[in-house]
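Enquirer: need the 3D shape of this:
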Amino acid sequence: MAEGLKSVDEWFENLDQSKETKTKLHFYFHDVATGENPTMYKVAQSEITDTSPTSFGLIDMIDNLLTVGPEPDSGVMGRAQGTIGFADLNKTAIQMGLNFLFTEGEYKGSTISVLGRNAVTEKVRELPIVGGTGVFRMARGVVVTSTYSFDSTTGNGVMEYTMYVTHY
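Expert: Residues are numbered from 1 along each chain as shown. As a prediction, this is how the structure comes out:
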């Protein structure tokens, strides 16, 4: 722990000499609600969730696979981990608090944090990048996401993500 703290402290002390970097990332996010190995689980719900047309009050914990292509075996990039909560009484929209953990390649061990509203029925959505770790320390930026595929029977889906990240 002390060694990691020293490394971050040294980085911070030299931050004014650091150059801002822009990175564009593209990947697919796999929501698996059913089947043998689901990656999202209900952890809470409100008294009206079962009768709400928008699933208001439902909160899920996720640990979703991130891949290079839309197929689950297309090459792993990492995991999206955190909570999503259905937060709109009138439209299907979720509040997302997720960490995107990169487990492979040049960003291995780094994270990008996303916190915002995702109106999942809209064709294209924007979400804010609010932070990061490792390569993405002090990250900020925007995520553009859309639904690549969704099975309304199983609740399983694949989302396409593009992240525009500014970091040091």
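Enquirer: mind listing the strands for the protein?
Expert: Taking DSSP state E, the strands of the chain run over residues 21-31, 40-44, 59-67, 76-86, 94-102, 111-118, 124-133, 140-150, 157-167.
Enquirer: pLDDT below threshold where in the chain?
Expert: Counting by pLDDT under 70, the chain has low-confidence residues at 1-3.
Enquirer: relative to Glu106, how far out is the nearest residue to Gly157 once chain neighbours are set aside?
Expert: Closest residue in space to Gly157, ignoring its immediate chain neighbours: Phe150 at 3.9 Å, by CB to CB, 6 or more residues apart in numbering. C-betas here are computed from N, CA, C, even on glycine. Separation of Phe150 from Glu106 (CB to CB, to the nearest Å): 31 Å.
Enquirer: could you do Tyr161 as well?
Expert: Applying CB to CB to Tyr161 and Glu106 gives a distance of 18 Å.
Enquirer: then Leu98?
Expert: Separation of Leu98 from Glu106 (CB to CB): 21 Å.
Enquirer: comparing those two, which residue is more hemmed in?
Expert: More crowded of Leu98 and Glu106, by other CB atoms under 10 Å: Leu98, with 23 against 8.
Enquirer: quick one, what contacts the more buried one?
Expert: Residues in contact with Leu98 (CB atoms under 8 Å, 6 or more residues apart in numbering) are 62, 80-84, 113-115.
Enquirer: out of these, which is nearest to Glu13?
Expert: The closest of these to Glu13 turns out to be Ser113 (CB to CB; 23.2 Å).
Enquirer: show me what that closest one bridges to in the sheet.
Expert: Note on Ser113: beta-bridge partners by DSSP bridges are Asn99, Gly131.
Enquirer: mind checking how far it is from Gly78?
Expert: Counting by CB to CB, the gap between Ser113 and Gly78 amounts to 13 Å.
Enquirer: could you check how far the nearest residue to Ile129 once chain neighbours are set aside is from Ala93?
Expert: Of all residues not flanking Ile129 in the chain, Gly141 sits nearest, at 4.1 Å (CB to CB, 6+ apart). According to CB to CB, Gly141 stands 21 Å off from Ala93.
Enquirer: first vs last residue of stretch 33-40, how far apart are they?
Expert: End-to-end distance for stretch 33-40: 5 Å, by CA to CA, to the nearest Å.
Enquirer: ok, residues contacting that stretch?
Expert: 30-32, 60-65, 84, 154-156.
Enquirer: rerun at 10 Å
Expert: 30-32, 41-42, 60-65, 79-81, 83-84, 151, 153-157 (CB atoms under 10 Å, 6 or more residues apart in numbering).
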